[in-house]
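Chemist: Sequence and computational prediction follow.
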Amino acid sequence: MASYQKQVTLEFTDLFLTINKRDVLCGVSGTAKPGQLMAVMGPSGAGKTLLLTCLAGRQRALESGGIFLNGQPISKRLRRQISFVLQEDLFLSELTLRETFKFTADLRLPSRLTGEEKKQKIRSIVETLDLHKCLDTKMGDSLNRGLSGGEKKRANIGCELLTDPSILLLDEPTSGLDSRTAYELLKTLKEYAVSSGKTVITSIHQPSSRVFQLFDCLLLLSEGQVVYSGDADQVVDYFARLGLQCPPHYNPADYILDIVKGTEEEREKIHTAAKAQSWNHHYRGEHTPTFVQKTFESMAENEMREPRGSINRALSVGSLQNGSFDNSVFVDCVIDEADDQVRSPSAGHVTTNSSHTNGNSSQNNCVMASLNTSVCRDLQAKTTKESQKFHADPYANADKWPTGYFHQLLTLTHRNFKQNRYLVLSKLDISKHIMMACVTGALWFQVTFAEENIRDISGLMFFMSAYWGFESIYSSLTSFQLERAVLAKERAAGAYRLSVYFMSKVIGVLPLFSTLTIVSVTITFWMAGLHKSVLVFFCYVATLLLNVQAGQAIGRFISAACSNIRQAITTSALTMLTSMLLGGFYVQNLPIFLFWLRYISFTSYVYRALLSTVFVLVPQTISCNTTVISEFGDCLSLSKADDISTNMSAISGAIVSNSTSITSTRGILNEAQIVEVLLNFSFPIWGSYMALVGFTVTFNFLAYLMLRFRRPQL
Ligand SMILES: Nc1ncnc2c1ncn2[C@@H]1O[C@H](COP(=O)(O)OP(=O)(O)OP(=O)(O)O)[C@@H](O)[C@H]1O
């Protein structure tokens, strides 16, 4: 596999992490070298996943410690050299493996690569991971079977390998695989590390002895601490020297895990030995980051004539790490070093110091307190130059994103379209909507516009508002919830901007759902014979399309705000039912103190707009019986009606149909009065449209904010 990334050594020093007041990583240090396969082992809960998350730069709660790539503190851009294969295989279920690779390549490979180069990379990965047979199989999910567990795992690794990372981190890639497949997978990873000089670190639970032999080095964790760090083939000898002899013909991996989870006495022994080995205290020697070594060297060269000056210089370097390196820890080391040197000015080299321990924060406070403000100001002033000198980031000028805005938008929209095509335009969904349209059309078939049918017609308008409200909320609810984990994974990998994803989400479902809405609504409209005017038809469809947009925006917001699908379904049902109740069909005379609630129901705007469209936009004759008192205002006799019709035609320019059979006992109703009676208060069509656009924009914006600030950690 051709490689365009360089070889990288990953060093991590004294990583401390506390979650819920519990120390889950306690001074973990280690080094992973290019061309090597490193295993992170330990019993369940030892901290393997958390360590990998820290190394991938995704653990924001990391309290202290440093992570260095070729001696340089990890930064947002350097992080791009690291790929993290999560334990869960998160994919868009409706895409095939071929499409998944294609979209991943399009999103995560730099734009400068041609289409052919990207294809070549995909071919090479498919070859390496032996995935030919399933290229056209859907990824699938728990409901719809797709790739097998092993294939999915390899696909997961393949997607990360596509970016040709310098460092590949894998969280338990063999979980759920049989021992043969697990061995094949690890063998492939080992070959990959050796042949392309990559640094591969994998956590693993209980490897077989064959798999264990593949590891070059081993980091063994117990209760968040390193109890062994070194060559994997030396671990048995190491434990033997502690008096913990591995029985013959025993799988070394099983043995060391047994010991780590063993008796109190055994655990005490290995923890004490680990402390003596200082695996948890690496600031000097092999694990000393390059810039720290350089600082110490320059301090030694100064012969410590001016200790505080040297401290400042060292501090200025340490302070540049912007959180990726614990300055206070560094201060501690440097001060200690300076003190040593002052006490022994002739010392010309850096000595090993293991004074850094868990309780460094109070020490650091003292140290910081001892520095006067002018020193601090000096420190600030020095940062930029020193930073450039010691930490020139070779990726500093690299683009923040692998591809441009429009490329991301096109790719994500295309992907959304493919993913949702099957969900929105599934045979089941199409049949459901067509069936509903036909049933509705049949129930209101060629309804006569007469007074006795007005309630029925308004019932149809309300049913359409509620039906498409529910449909649109639920359609965006499910697709969003299902994609949330994939979004979090891809965002963590820095694949694209969230705003682009969101835009693509809105655009991607637009043609699909709109087509379905238009087809279904058209069937109902013409079957029911709601109007002969094309203008009325277009406004009727437009109103329901706006309804769909507002509903989908609300659905997106609920989907982004709720942490699980159950919560989201309950919230959306509650929202939609409330919106329906306030829609103006069931209750027209709300208590005065609840009257304002009408304005927060998007269904009420749709209902109003539909009634106004059908009854008022292009008036048509609505007959009434002159012998009884009409509930919709005056029932005008035919002669008066003619006058009114003529007047209304003149005002609106509309054609008034007199085709309705009107007998001498029948008159006609004023359409505006009907709407007023039905709605209890009038509202212009354009006002309803504006309100629906307002709902769409507001809830889309809120959904975006929710996604930005409420993301699951991976
Ligand atoms: N978000 C969290 N909140 C509270 N505790 C957490 C959280 N994440 C991890 N932990 C705790 O940190 C410890 C280490 O977790 P981690 O997932 O790294 O273990 P692990 O070694 O990967 O275990 P396993 O092999 O079972 O996956 C566990 O005791 C776990 O309960």
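Modeler: Cool, got the structure. Numbering: from 1, shown residues only.
Chemist: Right, and the ligand sits closest to which residue of the stretch 451-600 of the chain?
Modeler: Nearest residue of the stretch 451-600 of the chain to the ligand: residue 563, at 13.7 Å (CB to the nearest ligand atom). In this view, the C-beta of every residue, glycine as well, is placed from N, C-alpha and C.
Chemist: buried set for the longest helix seen in the chain?
Modeler: Ordering each helix of the chain by length in residues (DSSP state H) puts helix 454-492 first. Buried positions in helix 454-492, judged by neighbour count with 16 or more other CB atoms under 10 Å: 454, 457-458, 460-484, 487-492.
Chemist: packing partners for it?
Modeler: Packing partners of helix 454-492 (3 or more CB pairs under 8 Å, 6 or more residues apart in numbering; DSSP states H and E): helix 405-424, helix 427-443, helix 498-528, helix 534-561, helix 565-581, helix 602-611, helix 671-679.
Chemist: from the ones you listed, which stretch is densest packed?
Modeler: Burial of the helices and strands packed on helix 454-492 is given as mean neighbour count (mean count of other CB atoms under 10 Å); helix 602-611 ranks first at a mean of 28.
Chemist: residues contacting the nearest residue to residue 583 once chain neighbours are set aside?
Modeler: Distances taken as CB to CB, 6 or more residues apart in numbering put residue 603 closest to residue 583, at 3.9 Å, once the chain neighbours are dropped. Residues in contact with residue 603 (CB atoms under 8 Å, 6 or more residues apart in numbering) are 462, 465-466, 469, 547, 576, 579-580, 582-583.
Chemist: Go again with 6 Å.
Modeler: Residues in contact with residue 603 (CB atoms under 6 Å, 6 or more residues apart in numbering) are 465, 469, 579-580, 583.
Chemist: What's the separation between it and residue 480?
Modeler: According to CB to CB, to the nearest Å, residue 603 stands 21 Å off from residue 480.
Chemist: With residue 522 instead?
Modeler: Residue 522 is 28 Å from residue 480, by CB to CB.
Chemist: what do you get for residue 39?
Modeler: 38 Å.
Chemist: Same check on residue 437?
Modeler: Residue 437 is 26 Å from residue 480, where distance means CB to CB.
Chemist: now do residue 557
Modeler: 10 Å.
Chemist: burial measure for the closest residue in space to residue 502 that isn't next to it in sequence, as a count.
Modeler: The shortest distance from residue 502 to any non-neighbouring residue, by CB to CB, 6+ apart, is to residue 704 (5.0 Å). The number of residues packed near residue 704 is 20, by other CB atoms under 10 Å.
Chemist: hey, where'd the helices end up in the stretch 601-714 of the chain?
Modeler: With DSSP state H, counting those that start in this stretch applied, the stretch 601-714 of the chain shows helices at 602-611, 638-652, 671-679, 685-709, listed in chain order.
Chemist: Quick one: name the residues of the stretch 351-500 of the chain near the ligand.
Modeler: Within the stretch 351-500 of the chain, no position lies close to the ligand (CB under 6 Å from any ligand atom).
Chemist: what are the ranges of the strands in the stretch 201-350 of the chain?
Modeler: Using DSSP state E, counting those that start in this stretch, the strands of the stretch 201-350 of the chain run over 217-222, 225-231.
Chemist: Nearest to residue 446, out of the ones you listed?
Modeler: Closest approach to residue 446 among these is made by strand 217-222 (75.3 Å; CB to CB).
Chemist: Could you find the residue nearest the spatial middle of this structure?
Modeler: Residue closest to the average C-alpha location in the chain (CA atoms, centre = their mean): residue 488, at 2.4 Å.
Chemist: From the contacts of residue 603, which shows the smallest pLDDT?
Modeler: pLDDT across the contacts of residue 603 is lowest for residue 583, at 87.
Chemist: That one against residue 606, yeah?
Modeler: No: judged on CB atoms under 6 Å, residue 583 makes no contact with residue 606 at a distance of 7.9 Å.
Chemist: just for the stretch 301-450 of the chain, where's the confidence low?
Modeler: Within the stretch 301-450 of the chain, the segments meeting pLDDT under 70 span 301-399, 422-425.
Chemist: if we go to 90?
Modeler: Flagging of the stretch 301-450 of the chain using pLDDT under 90 yields the residue ranges 301-405, 416-430, 447-450.
Chemist: Just the buried residues of the host helix or strand of residue 186, please?
Modeler: Applying DSSP states H and E as the criterion places residue 186 in helix 179-196. Under the neighbour-count criterion of 16+ other CB under 10 Å, helix 179-196 has 181-186, 188-190, 192-193, 196 buried.
Chemist: Report the mean per-residue pLDDT for that helix.
Modeler: pLDDT averaged over helix 179-196 gives 88.
Chemist: Return the distance of that helix from the chain's centre.
Modeler: Centre-to-centre, helix 179-196 and its host chain are 29 Å apart (CA atoms, centre = their mean, to the nearest Å).
Chemist: helices or strands next to that helix in the packing?
Modeler: helix 209-212 (3 or more CB pairs under 6 Å, 6 or more residues apart in numbering; DSSP states H and E).
Chemist: repeat that with 7 Å
Modeler: Here helix 179-196 is seen to pack against strand 37-41, helix 115-129, helix 149-161, strand 199-203, helix 209-212 when contacts are counted using 3 or more CB pairs under 7 Å, 6 or more residues apart in numbering; DSSP states H and E.
Chemist: Out of these, flag the one nearest the ligand.
Modeler: Here strand 199-203 is closest among the helices and strands packed on helix 179-196 (CB to the nearest ligand atom), at 6.3 Å.
Chemist: Pairing partners for the closest one, with directions?
Modeler: Under the criterion DSSP bridges, strand 199-203 sits next to strand 37-41 (parallel), strand 167-171 (parallel) in its sheet.
Chemist: Mind listing residues that contact the last one?
Modeler: Going back to what we said before, that points to strand 167-171. 8, 10, 49, 52, 55-56, 81-87, 157, 160, 198-203 (CB atoms under 7 Å, 6 or more residues apart in numbering).
Chemist: Not counting residues beside it along the chain, what's closest to residue 135?
Modeler: Leaving out its chain neighbours, the residue that sits closest to residue 135 by CB to CB, 6+ apart is residue 98, at 4.5 Å.
Chemist: What count of nearby residues applies to the one you found?
Modeler: 15.
Chemist: Mind telling me what element it is part of?
Modeler: Going by DSSP H and E, residue 98 is part of helix 97-108.
Chemist: List the buried residues of that helix.
Modeler: For helix 97-108, by 16+ other CB under 10 Å, it's 97, 99-108.
Chemist: Looks to me like residue 587 is in a helix.
Modeler: No: Residue 587: not assigned to a helix; according to DSSP: H, G, I helix; E, B strand; the rest coil it is coil.
Chemist: Against residue 543, how distant is the closest residue to it other than its chain neighbours?
Modeler: Distances taken as CB to CB, 6+ apart place residue 581 nearest to residue 587, at 6.8 Å, with adjacent residues excluded. Noted for residue 581: a distance of 20 Å to residue 543, by CB to CB.
Chemist: So the residue nearest to residue 502 is in contact with residue 500, correct?
Modeler: No: between residue 704 and residue 500 there is no contact under CB atoms under 7 Å: 11.2 Å.
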